[in-house]
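Participant: Sequence first, predicted model second:
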Amino acid sequence: MIIMEALHLYCVLGNGVQVDSGLIGLDGRQVSDVCHRGLTALVSLTPIRAYKSMKKEEVIPYLFTHQVVLEQVMKRQTVVPVKFGTMARDEARVRKILESGYPQLTAALEAMEGKIELNLVAQWRDLISVLRQIGEEPEIRQNRAAIADRSPQETTEERIRVGQMVKVRLDQRREALGAEIALALKPLAHGLCPHALLDDRMILNTAFLVDRDREGEVGKALERLNNRYDNAIDFRCVGPLPPYSFATVEVRSFEFEEIDSARRLLELGEQATLQDAKEAYRRLVQQCHPDLISDGGKVGQKANGAFEAVTRAYRLLGEYSQVGSSFRAPDVLDTVAVKLFQLSQEPAGA
């Protein structure tokens, strides 16, 4: 029988949580709780969807609802978010997830107690003015003057070089300003997590983990920064948010066919251990490692393909062996790996 619905996981909470009976999740379904050993997962029944294969604009409404549920709950409780799109076939599977990740989840809840995430974006209000200022720096102005009376066709390389100099100066200014802003806010934060800069206007795009009761202090610090830079920098702070950048639960289930294929490739039995997998990998690598085969033609290409396949199989079995008891089908299908996903994080005291 094909399962058409499953439980969508939103977040993990501590014990003694009172879930709002009016909390509505995906598809207008009521959010409920699943409890195990002092941990509570918030879930709702929803149709199974392949979010990764959906268009971005199709996913956004579901992601928005997921985030709304988290932000409603975090007003009263410490939450550890679960990665969007995580599903479990039934409550027993949810309890299995809570049991498998129990040490990490309890530690994360303790670490995130009373804390919120604030996402800060700082960007130049007028990038053109900044570029003009850079263009007036002596070295750049001198290079521009040297080609001013010559045609673009005969000065292509020089113009490219001037453009590169401007880009270097802009990046240097951005880095210095970003460091100044982060330094001013570090005393208020337990951790900083830089995100990608999306365009040249951006100076800083960073998540800050702060105590909930210090959110007002962050606002005042941003006011001081705004005055320091004479309103030339636009500060936008989004939050409070759950600690997405500092503790998000990732759940990994394993397909038996995939595990079994990897096991057979490494010539292992169903009761093989991680040590057995390591020894099998070392043995097989001696037979197909590209560095050990000098033939650059079809033989070498075949060996390279075999090496990559063996390496992928070993990595998969290594990950599975951390949590799985054997390579038998019932054990593989019952196994779930839980880890706390954190973006690259910089300690506040760094």
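Facilitator: That came through, no problem. Numbers count the residues shown, from 1 in each chain.

Participant: Every contact and neighbour count from this point should use C-alpha atoms.
Facilitator: Fine.

Participant: export stretch 270-279 as PDB, just CAs?
Facilitator: What follows is stretch 270-279, C-alpha atoms only, in PDB (Å, rounded to 0.1, in the frame of the first residue of the first chain):
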ATOM      1  CA  GLU A 270      25.200  -8.300   6.100                       C
ATOM      2  CA  GLN A 271      26.800  -8.300   9.500                       C
ATOM      3  CA  ALA A 272      29.900  -6.400   8.500                       C
ATOM      4  CA  THR A 273      31.200  -3.700  10.700                       C
ATOM      5  CA  LEU A 274      32.700  -0.200   9.900                       C
ATOM      6  CA  GLN A 275      36.100  -1.700  10.400                       C
ATOM      7  CA  ASP A 276      35.300  -4.400   7.800                       C
ATOM      8  CA  ALA A 277      34.200  -1.600   5.400                       C
ATOM      9  CA  LYS A 278      37.500   0.300   6.000                       C
ATOM     10  CA  GLU A 279      39.500  -2.800   5.200                       C
END
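
Participant: Can you pull out the low-pLDDT segments for the stretch 1-150 of the chain?
Facilitator: Across the stretch 1-150 of the chain, the ranges flagged by pLDDT under 70 are 1-3, 16-21.

Participant: ranges for the strands of it?
Facilitator: Listed in chain order, the strands of the stretch 1-150 of the chain (DSSP state E, counting those that start in this stretch) span 5-13, 32-36, 39-47, 80-81, 87-88, 115-124.

Participant: Repeat that for the stretch 251-350 of the chain.
Facilitator: In the stretch 251-350 of the chain, the segments counted as strands under DSSP E, counting those that start in this stretch are 336-341, 346-347.

Participant: Could I get the average pLDDT for the last one?
Facilitator: Spelled out, that is strand 346-347. With pLDDT averaged residue by residue, strand 346-347 scores 56.

Participant: Could you do the longest one as well?
Facilitator: For strand 336-341, the per-residue pLDDT values average out at 74.

Participant: Please name every helix or strand in contact with that strand.
Facilitator: Helices and strands touching strand 336-341, by 3 or more Cα pairs under 8 Å, 6 or more residues apart in numbering; DSSP states H and E, are helix 91-100, helix 102-112, strand 248-253.

Participant: Give me the contacts around that strand.
Facilitator: Here strand 336-341 makes contact (Cα atoms under 8 Å, 6 or more residues apart in numbering) with 96-97, 100-101, 104-105, 246-254, 320, 323-324.
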